[in-house]
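A.B. asks: Below is the sequence, then the predicted model.
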Amino acid sequence: MNAIQLKNELYTIESKIKQDITNFYNHVISASQDIIFYEETIYEKMMTYLLMMNKKEMSPQAFKEMLEMVMQGREEKWHMVRYYAENADSYSIFNVIVYMKRIWPQYKKLHRQFKRLRVKLIDDLQTLIECIKAKPKKTKHTMQALETLYDLHYEALEALTIELSTIDFRKYLEYMFIGDATISKNEFLSLLTLDRSKRSQDILFVTFQSALTVIHF
């Protein structure tokens, strides 16, 4: 392989890996925004539910004071919380659970895509290592190309230190069953049949062990 062919091959590798790194970061940014939105919405619905549980036990004035304390700094986002707190007598626990069930497939899809893009970067690292180990003939062009590959190697390694944020669904389920909240076993299981993967079933099993202790069968 002459110098021109080698330069072209290194350029092709460089272009591909740069694109893979860009795709990875773009997905991390986009997926992180979606996950933050999902969790904020779960939290908002959960707080609405918990507030409405307290409303039954408190005087109107005490509840109003608590509501204002909870709403501090959240007026721009928590319109639903205030609306239900001021206008409704109850808020169903199912609103929270159904929302979590609805977003679960999208949430899992974001993480699957993250893992696929991460595997690509690992493959790219192997390609880079092979190119660097090949030690092509030292010319001005090949040395410049190799220097770029070294830089890409560092960028790919740096990208691989990133982890996509997660949502602890089990935590929210446990919070929602504080107090006297009760649903039947069949209702609970039907709402949380998320998918048939072994990992999801394992997660559900652990969740059930925690949450079912407060469910009336």
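C.D. replies: Everything's here; your move. What you see is a predicted model, and the numbers here were worked out from it, not measured in a lab.
A.B. asks: Following the chain past the one helix or strand Glu44 maps to, name the next helix or strand.
C.D. replies: Assignment of secondary structure by DSSP states H and E places Glu44 within helix 3-55. Once the chain leaves helix 3-55, the next helix or strand it forms, by DSSP H and E, is helix 60-71.
A.B. asks: Mind listing residues that contact stretch 67-80?
C.D. replies: 40, 44-45, 47-48, 51, 81-82, 85-86 (Cβ atoms under 8 Å, 6 or more residues apart in numbering). (C-beta placed from N, C-alpha, C; glycine too.)
A.B. asks: Report the buried residues of that stretch.
C.D. replies: Within stretch 67-80, the residues that count as buried by 16 or more other Cβ atoms under 10 Å are 67, 70-71, 78.
A.B. asks: Which secondary structure state is assigned to Glu163?
C.D. replies: When the structure is reduced to helix, strand and coil (DSSP: H, G, I helix; E, B strand; the rest coil), Glu163 reads as coil.
A.B. asks: How many neighbouring residues does it have?
C.D. replies: Applying other Cβ atoms under 10 Å, we find 9 other residues in the vicinity of Glu163.
A.B. asks: check contacts around it.
C.D. replies: Counting by Cβ under 8 Å, 6+ apart, there are no residues that Glu163 touches.
A.B. asks: Check His27 too.
C.D. replies: With contact taken as Cβ under 8 Å, 6+ apart, His27 is in contact with 110, 113-114, 117.
A.B. asks: So which of the residues you listed belong to helices?
C.D. replies: Helix and strand membership here follows DSSP state H; of the contacts of His27, those in helices are 110, 113-114, 117.
A.B. asks: Could you check the pLDDT of Asp195?
C.D. replies: Per-residue confidence at Asp195 stands at 56 (pLDDT).
A.B. asks: measure Met66 to Pro60 for me?
C.D. replies: Separation of Met66 from Pro60 (Cβ to Cβ, to the nearest Å) stands at 11 Å.
A.B. asks: Show me which of the two is the more surrounded one.
C.D. replies: For Met66 against Pro60, the residue with the higher neighbour count under other Cβ under 10 Å is Met66, and the figures read 15 against 8.
A.B. asks: give me every residue that touches that one.
C.D. replies: Per Cβ under 8 Å, 6+ apart, neighbours of Met66: 51, 54, 58.
A.B. asks: Are any of those residues buried, and if so which?
C.D. replies: Members of the contacts of Met66 classed as buried by 16+ other Cβ under 10 Å are Leu51.
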